[in-house]
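Undergrad: need a structure here:
(one chain, ligands or ions: 2)
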Amino acid sequence: MPEETLSFSDSEREFLEKYLPPNSRQHDGKLPSITLTFATSLDSSIALAPGVRTQLSGPRSKAMTHYIRSRHDAILIGVGTAAADDPALNCRLEGAGGYGSDGLSQQPRPIVIDPSARWALSEQSRILVLAKAGRGRAPYILTSNPSPPKESVELLERYGGKYISMGLSKVVAGRSHLDWKTILEQLKDEGLHSIMVEGGGSIINSLLEPQNQNHVSSVIVTIAPLWLGQGGVVVSPEQGTDETGTVITASTLKAVKWHPLGEDIVLCGTF
Ligand SMILES: NC(=O)c1ccc[n+]([C@@H]2O[C@H](COP(=O)([O-])OP(=O)(O)OC[C@H]3O[C@@H](n4cnc5c(N)ncnc54)[C@H](O)[C@@H]3O)[C@@H](O)[C@H]2O)c1
Ligand SMILES: Nc1nc(=O)c(N)c(NC[C@H](O)[C@H](O)[C@H](O)COP(=O)(O)O)[nH]1
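TA: Ligands and ions are numbered 1, 2, ... in the order given. All right, here's what the predicted structure looks like:
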């Protein structure tokens, strides 16, 4: 996978500004802000099938993603994405650490939500290859597993990453779930105050549920001009019901802006 250096001009950046966390790193003691961002097809799928890495964003939208990464302390994904995509989760914008400047400036901390610590990390994992080369950071893995595999712990710590074992908050449909407040409190304790959540499907759907929307400061969705068809990984949160039990719209965005970018269109909004 080529590690190209990307550029995203000042004029291209303007439409995003009000949907991004402030550049100043002042922190008011509140929980970290979440920017929820992903790419989707016209039939609201984010991948051809579970576990299939699917390129949806065009070149300009991809450069936008790396600019957004440069504006956050951390990038968060679920273990399903880590296992499927072998992602780099670094910022390859020109001028970022390792891409035109020394050190790790503008390199966000990758965060993987992996309750059972099932991600099979190795020396060949792209995220560790880049950390070793000074072109990204090793991930922090949030898990409910009190004893992750010893060799994975040692491998991670060799490159500056770690497992963070957290108490299990609940089991949903047979799966251990950490609630978002617990996750964000832990990330705040790690000195991470702005979180870009990139997916995948279950992570996105979880944040779109009415009871979690208060954690999301803004949503930035890239819409690509294609249908992925039946069997895709669909973004469609649980429906909500009002006090009479009537089914209501799950989520409605406010302060909406649509912005063409290459052959894609980018939707920005807030809850
Ligand atoms: N188009 C895009 O922008 C985009 C972005 C990311 C991933 N993807 C694609 O999405 C697919 C992966 O999606 P997915 O839904 O299978 O996996 P995922 O990345 O959402 O990870 C799912 C796992 O995360 C954990 N998890 C999720 N919510 C949790 C919570 N609240 N508490 C604790 N653990 C939680 C669980 O272990 C769950 O099995 C892949 O095919 C990937 O290529 C696309
Ligand atoms: N914005 C966006 N457009 C896409 O077309 C796509 N497939 C993803 N998917 C997001 C997910 O997090 C991917 O795993 C990372 O985008 C991997 O990209 P890197 O290796 O980190 O550069 N995201």
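
Undergrad: correct me if wrong, but Pro260 is in a strand.
TA: Yes: under DSSP: H, G, I helix; E, B strand; the rest coil, Pro260 falls within a strand.

Undergrad: contacts only, for it.
TA: Taking CB atoms under 8 Å, 6 or more residues apart in numbering, we find Pro260 in contact with Val266. Using the backbone N, CA and C atoms, a C-beta is placed for each residue, glycine as well.

Undergrad: Leu184 too?
TA: Leu184 makes contact with Leu31, Pro32, Ile34, Ile195, His215 under the criterion CB under 8 Å, 6+ apart.

Undergrad: and for Val52?
TA: By CB under 8 Å, 6+ apart, the contact list for Val52 reads Ala84.

Undergrad: for it, helix, strand, or coil?
TA: coil.

Undergrad: now do the SS call for Leu36.
TA: Following three-state DSSP, Leu36 is assigned to strand.

Undergrad: beta partners for it?
TA: Beta-bridge partners for Leu36, by DSSP bridges, are Val197, Val219.

Undergrad: that one reaches Asn212, doesn't it?
TA: No: taking contacts as CB atoms under 8 Å, Leu36 lies outside contact range of Asn212: 9.9 Å.

Undergrad: Leu187 against Ile34, yeah?
TA: No: with contact defined as CB under 8 Å, Leu187 does not reach Ile34; the gap is 9.7 Å.

Undergrad: the two: which has the busier surroundings?
TA: Set Leu187 next to Ile34 and count neighbours by other CB atoms under 10 Å: Ile34 wins out with 27 against 24.

Undergrad: how far away is Glu151 from Asp73?
TA: To Asp73, Glu151 is 28 Å away according to CB to CB, to the nearest Å.

Undergrad: higher neighbour count, the two?
TA: Between Glu151 and Asp73, Asp73 has the larger neighbour count (other CB under 10 Å), namely 20 against 10.

Undergrad: how close does the closest residue to ligand 2 within the stretch 101-250 of the chain sit to Ile248?
TA: Nearest to ligand 2, among the residues of the stretch 101-250 of the chain, is Glu198, at 3.9 Å (CB to the nearest ligand atom). For Glu198, the distance to Ile248 equals 28 Å [CB to CB].

Undergrad: neighbour count winner among those two?
TA: Each of Glu198 and Ile248 has its neighbours counted (other CB under 10 Å); Glu198 has more, 24 against 11.

Undergrad: give me the contacts around stretch 91-103.
TA: With CB under 8 Å, 6+ apart as the test, stretch 91-103 has contacts from 3-8, 63, 66-67, 69-70, 90, 104-108, 130, 133-136.

Undergrad: and the closest residue to Gly231 other than its chain neighbours, backbone torsions?
TA: Nearest non-adjacent residue to Gly231, counting by CB to CB, 6 or more residues apart in numbering: Ala49, 5.4 Å away. Torsion angles at Ala49 (phi, psi; degrees, to the nearest 10) stand at phi -160, psi 160.
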